[in-house]
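Participant: with the input below, show me the fold.
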Amino acid sequence: IKTPSSMRHLLYTEWASLKKFWKYQPLDAVRDYFGVKIGLYFAWLGFYTFMLIPPSLVGLICFLYGLITLGTDTPSDDVCDEDRMGNTTMCPICDNFCESWKLKDTCPISKAKYLFDNGTTVFFAVFMSLWAVFFLECWKRYSAE
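Facilitator: Numbers count the residues shown, from 1 in each chain. As a prediction, this is how the structure comes out:
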């Protein structure tokens, strides 16, 4: 590893360093040292990781929208409010040893569901479908180089 002119030293200092995680991958050096299959794997993995940045940002925005509008979700408000439906007694889940339960017991689950299943979920699904096509076409161009 310590021989400055070796390929292993180059990969260790330019690729395996935590200080340089944001820089490009030396794919030619990886291919020469590890072989074509491993080089292609790391090329795909680096490209895929880079292309996941837009979906992660859009997904974060959709989640934040759900977090901001959590108080306006009518079904969750109905379930959590004892004056509305929250005080409704529900039938036992099983026949023998289960007791009846109040609908308000599901309030945390109802709120958590809204965080991930709100009005922006359909937009995110369409976005991910289009992103998948875009990713595939961009990978074809990138891998042809």
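
Participant: count of residues packed around residue 90?
Facilitator: 11 (other C-beta atoms under 10 Å). Placement of C-beta: from N, CA and C, glycine included.

Participant: per-residue confidence at the nearest residue to residue 25 once chain neighbours are set aside?
Facilitator: Leaving out its chain neighbours, the residue that sits closest to residue 25 by C-beta to C-beta, 6 or more residues apart in numbering is residue 46, at 4.9 Å. Residue 46 carries a pLDDT value of 89.

Participant: would you map the strands across this structure?
Facilitator: Here the chain has its strands, by DSSP state E, at 89-90, 101-102.

Participant: may I see those strands arranged in a markdown table, with distance to residue 28 and mean pLDDT as well?
Facilitator: Below are those laid out as a markdown table (distance: least, C-beta to C-beta, whole Å; pLDDT from 0 to 100):
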| stretch | distance to residue 28 | mean pLDDT |
| --- | --- | --- |
| strand 89-90 | 64 | 82 |
| strand 101-102 | 63 | 82 |
